[in-house]
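Colleague: quick one, what's the 3D model for this:
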Amino acid sequence: MPFGIQPILVFLICLLPVIVLALIGLTVILVVRTLKRKTKKCPYCASTILAEAIVCAHCGRDLKPQTSSQV
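Modeller: Residues are numbered from 1 along each chain as shown. Next comes the predicted model:
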């Protein structure tokens, strides 16, 4: 190897872009999943919850079921 570069160092340098691309891919997947979820605000505590929720996960209050025209 030129200049005495250790093989393990070359391996790590080549592996770095793969790790970075994997992290970017995972981030994109998580963002897309989050954006696809339909949410609404709790009328009692104003926390963001899933649209299908019947009980608020934050304040514990019962929510009125939504009809198809409200979604």
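Colleague: how many neighbours does the closest residue in space to residue 56 that isn't next to it in sequence have?
Modeller: Using C-beta to C-beta, 6 or more residues apart in numbering and skipping residues adjacent in sequence, the residue nearest residue 56 is residue 42, 4.4 Å away. In this view, the C-beta of every residue, glycine as well, is placed from N, C-alpha and C. Residue 42 is flanked by 17 other residues according to other C-beta atoms under 10 Å.
Colleague: and the gap between residue 42 and residue 65?
Modeller: Residue 42 sits 14 Å away from residue 65, taking C-beta to C-beta, to the nearest Å as the criterion.
Colleague: could you verify my assumption that the residue nearest to residue 56 touches residue 63?
Modeller: Yes: checked against C-beta atoms under 8 Å, the pair residue 42 and residue 63 is within contact range at 6.9 Å.
Colleague: overlap in contacts, the two.
Modeller: 49, 56 (C-beta atoms under 8 Å, 6 or more residues apart in numbering).
Colleague: okay, domains of this structure per the record?
Modeller: Listed by automatic domain parsing, the domain ranges of the chain are 2-36, 38-71.
Colleague: what mean pLDDT does the last one get?
Modeller: Read that as domain 38-71. Across domain 38-71, pLDDT averages out at 84.
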